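Engineer: Pasted the sequence and its predicted model underneath.
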Amino acid sequence: MQDRASFDFDMAGHDAGAPVTQVDISSVVRVGSRLAAWRDALNNYYYPLDLSTPSTAFSVGHLSVHDVAEIRIGVLDSDPMTVTRRPTHIGRSDDDFFMMPITASNNLYLTQRTRDCQVRPGDLAFIGTGDPYVYGQPERTMITALRLPAAMLRERVPWIDDMTARQCQREQPLVQMFHEFLGSITRHGSHLSGPEAKFLRHTLFDLLALAVTVPGGALSDESSVRFANRQRILHFVEEHISDRNLGSSLIAARLGLSPRYIQKIFAERGETVTEVIRRRRVTEAQQLLRNRNLQSKSVQEISYLAGFADPAYFSRVFRQETSMSPGEYRKLHSA
């Protein structure tokens, strides 16, 4: 187990003048109302969600919130809870974030897009607010919860939506560097000017993008080449996502690689090129369905714009990935 202090970015260490918001539900006299008070606090400072608890009495909930360069950093100490982001929550606002919970002591559990992930102290993992998810905290735990603007991460890793509920292990050097830099932001971010804060924000997002995409450990020459080719393939997929002919054969021909070699690269991570392209197209379709300037286009037209040749197949895989139909998804985001 890593030392707790390595991952606990406590707001108490800030200068007294730092803009920190404190919430403590112990001030709610009626114990039976404290879970509702905690839910309201998280709704207010993060985004709409539901809460439940396996405990007979939920009594501990303390939140310190600090905003630095469009990044919301919260330190939460609470009793066991399950956080559920439902489809009905998603249409209430246009806010689009990634949430990264960093645990200081006990394991956490994330579920999104049919993926399940265990987060140990010091691991990195995140979930997107544009899709339903479940966050499980089986014990009283202190976490640092980062709310990150999604657009900034997508600029660096366009396929970042396909990486939610996946563990980036704490043993990786870049993960450790991210923790160290985040700790520095927490201590000093409130004292920086506008240009300095902007630089800080970009540096944090660049480091996070590297931490979640670069494989850990010492890479052999062969694995370094495979990683570089995987990045080339992913960028090609991103640039040609609307091409209905996109697949291993087209990628191989354009990038000078063999289809078998391409499949081997993705098989190392338990993936196929087809799966990666399909998930990326679903993400593209979500963005198109949320676009208010495209409300006049039918779901079928949206499926074609996202690169799907068969609207029925599009509807089927969209539901598999998001637990709702394209029409239901659009309705939520047009409310």
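Structural biologist: Yep, it's here. Since the model is a prediction, treat every value here as computed from it, not as a measurement.
Engineer: shaky segments in the stretch 1-150 of the chain?
Structural biologist: 1-19, 91-94 (pLDDT under 70).
Engineer: Repeat the analysis, applying 90 as the threshold.
Structural biologist: Scanning the stretch 1-150 of the chain for pLDDT under 90 picks out 1-22, 26-32, 54-57, 66-71, 86-96, 104-105, 113-115, 130-132.
Engineer: so where do the helices sit in it?
Structural biologist: Applying DSSP state H, counting those that start in this stretch to the stretch 1-150 of the chain gives helices spanning 34-45, 87-90, 150-156.
Engineer: neighbouring contacts of the first one?
Structural biologist: This points to helix 34-45. 21, 23, 25-26, 28, 49-51, 53, 58-59, 61, 63, 65, 72, 74, 78, 81, 83 (C-beta atoms under 8 Å, 6 or more residues apart in numbering). Bear in mind the C-beta positions are built from the backbone N, C-alpha and C, glycine included.
Engineer: Just the ones in strands from those residues, please.
Structural biologist: The members of the contacts of helix 34-45 that map onto strands under DSSP state E are 21, 23, 50, 51, 61, 63, 65, 72, 74, 78, 81, 83.
Engineer: Give me the neighbour count for the first one.
Structural biologist: So that's residue 21. For residue 21, the count of nearby residues is 14 (other C-beta atoms under 10 Å).
Engineer: my guess is it contacts residue 64, does it?
Structural biologist: Yes: counting by C-beta atoms under 8 Å, residue 64 is a contact partner of residue 21 at 7.1 Å.
Engineer: Just want the phi and psi numbers for the nearest residue to residue 124 once chain neighbours are set aside.
Structural biologist: Using C-beta to C-beta, 6 or more residues apart in numbering and skipping the chain neighbours, the partner closest in space to residue 124 is residue 168 (4.0 Å). Dihedral pair for residue 168: phi -110, psi 110, per degrees, to the nearest 10.
Engineer: sorry, back to before: okay, the ones in strands among the contacts of helix 34-45 in a markdown table with distance to residue 235 next?
Structural biologist: As requested, the ones in strands among the contacts of helix 34-45 are arranged in a markdown table below (distance: C-beta to C-beta, whole Å):
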| residue | distance to residue 235 |
| --- | --- |
| 21 | 40 |
| 23 | 42 |
| 50 | 38 |
| 51 | 40 |
| 61 | 43 |
| 63 | 39 |
| 65 | 36 |
| 72 | 30 |
| 74 | 34 |
| 78 | 40 |
| 81 | 39 |
| 83 | 34 |
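Engineer: could you show me where the strands are in the stretch 51-200 of the chain, in order?
Structural biologist: 61-68, 71-78, 81-85, 97-103, 108-112, 115-119, 127-128, 133-137, 141-149 (DSSP state E, counting those that start in this stretch).
Engineer: if we look at the second one, which residues are touching it?
Structural biologist: Which is strand 71-78. 8-11, 38, 45-46, 58, 60-67, 137, 140-149, 185-186, 201, 204.
Engineer: Now do that strand and helix 34-45, the angle between them.
Structural biologist: Using axes from the mean of the first three to the mean of the last three C-alpha atoms, to 10 degrees, the inter-axis angle of strand 71-78 relative to helix 34-45 is 170 degrees.
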